[in-house]
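Q: following is a predicted model, sequence given first.
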Amino acid sequence: MSADSRRCLVLVMRRGLGTQIDHVQTMLDMAVEIHLVTSETAGIHDDPRFASVNSLPKSASIRDFVDVAVRTARERAASAVVTFNETEIEIAETANAELGLDWARVEAAYTCRDKLKQRIFLREHDIPTVWFHPVSDVQGAVDAAAKQGYPLIVKPTRAAASEYVELVHDETRLAAALTQIENMIAERRGHYYDQVVPENWAILEEFLPGQEVTMDGVVLDGEFILGGVHNKMDTQGPFFDEDLYTLPFSHPEREAELAGIARAIITALGMRTCLFNAELRADADGAYRIVEFSIRMSGGHPYRHIRDVYAIDLVRMYVRAVCGDPVADIIAQENRRQEPRMTVCAKVVYAEGRVIRNSVGEALHSPYFRVYYPVARPGSEVRSGTRGFDYTGLLSVWMPWKPGDDPSVVHTVARDLAAKLDVEIGDDRPPAAP
């Protein structure tokens, strides 16, 4: 960047700044002037990372956030509006379209945010998907499930991080899972259903029993550049809490196949500039099919993992693109993806109750320790299982690796270090009456 140039972006993050620390730090390292639009309030106006902060109430609508983002971008002469959150991609793309940026794709963002729209989109473009059925009422879903047969996946059409996703085996559990989703929508939890609740608010899907992976990359001038494919925890339900994200990929010979699926989605969406994430799972025959996809990358540790293992910096490349750097310069000047140089793992700390303490503790002294995000503050309540999932903390570990090693050896290290964190959870039940 020349001495007289200036990089300025509006960052929309209604929540979740505590799990996107690396993403924001990269912007700071690039001397980007960051203007934050958020719903967070605790200490945010004194945060030195941000040149300005607009804090809107949690009840503010998507339209409210778009208006503030656009106004801020115009007042500050920002190049674009960005987000690293799934729940804000509609806001960012709409704002960029209203700013006249020709690479903005509003309809793509709305497709990514709605899992039913995703399924219809994949079917229309002949991209590997699964049997699905839209849900508008509980009894209709029960009838459809009886015809299709169990087990089936139940999920809300608008959520993130596998919240409220469940593998059900019978009518009783299906009805209970759908009722829970209805309650979540009524409570307006997680910014998932900010607008009018759609007619179809949940979806039933075929269950894929094979390996699940998450793939991240960046799209520059319409071309997909692979960052990495994380192995995920092998789970057969009933819940699909995110855990044990591990690099390098255990089947590197299949990376080209997965990248090809990503390119098919990006081409069909018409994307020119974005980060990209896709979750895939293998069927009984080993063929990967799409679980979901989005025009953002994984939050938390996967971004750092990809940099550590493959030396490619997806966020840096993306930020340069949205700031207007020529794509040819970005490709020529940034690190290309290298061969794996270590193994890494993200371990999620889940708990049920009220947080008493939450810090790194003795894990800090291990050579395998990378970083810990204590997501839940002391005094807050966290939950897991049938009540939904909250991140109590996110731990990242790394260790030496050479070709031919099984990346899963790092799982034991991650679990051992998680046990050394200074995390104490109390009972969140109200005290008994005297």
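A: On my side now, so go ahead.
Q: from here on, just use CA atoms for contacts and neighbour counts.
A: Fine.
Q: in stretch 255-275, which residues are buried?
A: By neighbour count with 16 or more other C-alpha atoms under 10 Å, stretch 255-275 contains the buried residues 255, 258-259, 261-266, 269, 271-275.
Q: so for it, mean pLDDT?
A: Averaged over stretch 255-275, pLDDT sits at 98.
Q: how far does it sit from the chain's center?
A: Computed by C-alpha atoms, centre = their mean, to the nearest Å, the separation of stretch 255-275 from the middle of its chain amounts to 17 Å.
Q: quick one, phi/psi of residue 171?
A: Per-residue torsions, residue 171: phi -60, psi -40 (degrees, to the nearest 10).
Q: isn't it up against residue 143?
A: No - at 9.1 Å, residue 171 does not count as touching residue 143 under the criterion of C-alpha atoms under 8 Å.
Q: who has more neighbours out of these two?
A: Per other C-alpha atoms under 10 Å, whichever of residue 171 and residue 143 has more neighbours is residue 171, with 16 against 11.
Q: so residue 71 sits in a strand?
A: No - counting by DSSP: H, G, I helix; E, B strand; the rest coil, one finds residue 71 to be helix, located in no strand.
Q: how far away is it from residue 37?
A: Distance, residue 71 to residue 37, using C-alpha to C-alpha, to the nearest Å: 11 Å.
Q: measure residue 83 to residue 369 for me?
A: According to C-alpha to C-alpha, residue 83 and residue 369 sit 28 Å apart.
Q: list the buried residues for stretch 130-141?
A: Applying 16+ other C-alpha under 10 Å to stretch 130-141 flags 130, 132, 133, 134, 135, 137, 138, 141 as buried.
Q: now the one helix or strand the third one maps to: average pLDDT?
A: In other words, residue 133. In the assignment (DSSP states H and E), residue 133 maps to strand 132-135. Averaged over strand 132-135, pLDDT sits at 92.
Q: now for that strand, which elements pack on it?
A: helix 138-148, strand 202-206 (3 or more C-alpha pairs under 8 Å, 6 or more residues apart in numbering; DSSP states H and E).
Q: just give the strands next to that strand in its sheet, each with its orientation.
A: Using DSSP bridges, strand 132-135 pairs in its sheet with strand 202-206 (antiparallel).
Q: just how off-centre is the partner strand within its chain?
A: On C-alpha atoms, centre = their mean, the centre of strand 202-206 falls 20 Å from the chain's centre.
Q: please list the residues outside it that contact it.
A: 115-116, 130-136, 141, 145, 151-157, 178, 181 (C-alpha atoms under 8 Å, 6 or more residues apart in numbering).
Q: any idea which residue is closest to the centre of the protein?
A: In the chain, the C-alpha nearest the mean C-alpha coordinate belongs to residue 298, at 4.1 Å (C-alpha atoms, centre = their mean).
Q: can you tell me the closest non-neighbouring residue to that residue?
A: Sequence neighbours aside, residue 277 is the residue nearest to residue 298 in space, at 6.4 Å (criterion: C-alpha to C-alpha, 6 or more residues apart in numbering).
Q: look at the one you found and give its secondary structure.
A: strand.
Q: distance check, it against residue 85.
A: Taken as C-alpha to C-alpha, the span from residue 277 to residue 85 is 12 Å.
Q: any residues in contact with both of these two?
A: Any residue near both residue 277 and residue 85 by C-alpha under 8 Å, 6+ apart counts here, and that gives residue 296.
Q: please list all residues in contact with the residue nearest to residue 298.
A: 214, 215, 216, 217, 293, 294, 295, 296, 297, 298.
Q: and the fifth one, what element?
A: In this case it means residue 293. Here residue 293 is assigned to strand 288-294, by DSSP H and E.
Q: and the angle for the lowest-mean-pLDDT helix or strand in the chain with helix 138-148?
A: Across the helices and strands of the chain, mean confidence by mean pLDDT, DSSP states H and E is lowest for helix 171-186: a mean of 85. With axes from the mean of the first three to the mean of the last three C-alpha atoms, to 10 degrees applied, the angle from helix 171-186 to helix 138-148 works out at 140 degrees.
Q: name the helices or strands packed onto helix 171-186?
A: helix 138-148, strand 152-156.
Q: mind checking the ones you listed for the one nearest to residue 283?
A: strand 152-156 (13.7 Å; C-alpha to C-alpha).
Q: off-centre distance for the closest one?
A: In terms of C-alpha atoms, centre = their mean, the centre of strand 152-156 is found 18 Å from the chain centre.
Q: not counting its neighbours along the chain, what's nearest residue 208?
A: That would be residue 283: by C-alpha to C-alpha, 6+ apart, it lies 4.8 Å from residue 208.
Q: that neighbour contacts residue 210, correct?
A: Yes - counting by C-alpha under 8 Å, residue 283 does reach residue 210; the two are 5.3 Å apart.
Q: so residue 395 versus residue 300, what's the distance?
A: Residue 395 is 9 Å from residue 300, by C-alpha to C-alpha.
Q: comparing those two, which residue is more hemmed in?
A: residue 395 (25 against 22).
Q: give me phi/psi at the more buried one?
A: The phi and psi values for residue 395, taken as degrees, to the nearest 10, are phi -110, psi 140.
Q: for residue 230, give me its contacts.
A: By C-alpha under 8 Å, 6+ apart, the neighbours of residue 230 are 213, 214, 215, 245, 246, 247, 248, 249, 302.
Q: which strand residues bridge it?
A: Checking residue 230 by DSSP bridges, which sets the bridge assignment, gives partners residue 214.
Q: residue 35 versus that one, what's the distance?
A: Distance from residue 230 to residue 35, by C-alpha to C-alpha: 31 Å.
Q: next one: residue 67
A: 14 Å.
Q: do the same with residue 166
A: In terms of C-alpha to C-alpha, residue 166 sits 38 Å off from residue 35.
Q: equivalent analysis for residue 59, please.
A: From residue 59 to residue 35 the distance is 21 Å (C-alpha to C-alpha).
Q: neighbour count: the two, which is higher?
A: Each of residue 59 and residue 35 has its neighbours counted (other C-alpha under 10 Å); residue 35 has more, 23 against 11.
Q: return the list of strands paired to the strand or helix carrying the more buried one, each annotated with direction.
A: Using DSSP H and E, residue 35 sits in strand 32-38. Strand 32-38 has the following sheet partners, assigned by DSSP bridges: strand 7-13 (parallel), strand 52-55 (parallel).
Q: residue 83 and residue 369: which is more packed in?
A: residue 83 (25 against 20).
Q: which pLDDT value belongs to the more buried one?
A: pLDDT, read off for residue 83, is 98.
Q: kindly list the main-chain dihedrals of the residue lying closest to residue 103 once chain neighbours are set aside?
A: Using C-alpha to C-alpha, 6+ apart and skipping the chain neighbours, the partner closest in space to residue 103 is residue 272 (5.4 Å). Backbone dihedrals for residue 272, given as degrees, to the nearest 10, come out at phi -110, psi -40.
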